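Undergrad: Following is a predicted model, sequence given first.
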Amino acid sequence: MTRLTVNGVTHEVDVPEDMPLLWILRDVLALTGTKYGCGIAQCGACTVHLNGMAIRACQTTLDMIGEDEIITIEGVAGSPNGAKVQAAWIEKDVPQCGYCQSGQIMSATALLNAYPQPSDADIDAAMAGNICRCGTYVRIRDAIHAAAR
């Protein structure tokens, strides 16, 4: 049994140490807001926070986590920046199909935690690893600027 702290709640999981965090979240803990996209850490759909840093859950295995704090889309609104980003996403009507949006929100929140007043270049760099097939990039940038205000 391994202990994980996810969204402030400690869970005991009985899974192989090389199991990706994505599958622990989705299949073991039933936190399905974190999405499977590509499985190779290129699309960003599976982005979560590990000790406040945006990471890809599809390529982060249980043995890489230790006792670090994990925050998912289900818990990000508990932080001031997470709440601001989610409100801005609604205000700016960011989602189209919505599939990538949990990963986008997690990356945007990590960006604002590191850079409270990001420039367009900061946003582009931080969000470059998140793919939106619907192309809502302009609305994503607008929402990040709105959340920063």
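TA: Thanks, I have it.
Undergrad: can you list the domains in the chain?
TA: Annotated domains of the chain cover 2-71, 77-148 [automatic domain parsing].
Undergrad: Could you export these as TSV, including mean pLDDT and mean neighbour count?
TA: Every C-beta, even on glycine, is put in place using the N, C-alpha and C of the backbone. Shown next, in TSV, are the domains of the chain (pLDDT from 0 to 100; neighbours: other CB atoms under 10 Å):
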stretch	mean pLDDT	mean neighbour count
domain 2-71	96	17
domain 77-148	97	18
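Undergrad: packing partners for the longest helix seen in the chain?
TA: Determined from DSSP state H, the single longest helix within the chain is helix 101-114. Counting contacts by 3 or more CB pairs under 8 Å, 6 or more residues apart in numbering; DSSP states H and E, helix 101-114 packs against strand 47-50, strand 53-56, helix 80-91, helix 120-127, helix 137-148.
Undergrad: now what about that helix, what contacts it?
TA: 33-35, 37, 43-49, 52-54, 71-73, 76, 79, 81-82, 84-86, 89, 94-95, 118, 122-123, 126-127, 129-130, 132, 140, 143-144, 147-148 (CB atoms under 8 Å, 6 or more residues apart in numbering).
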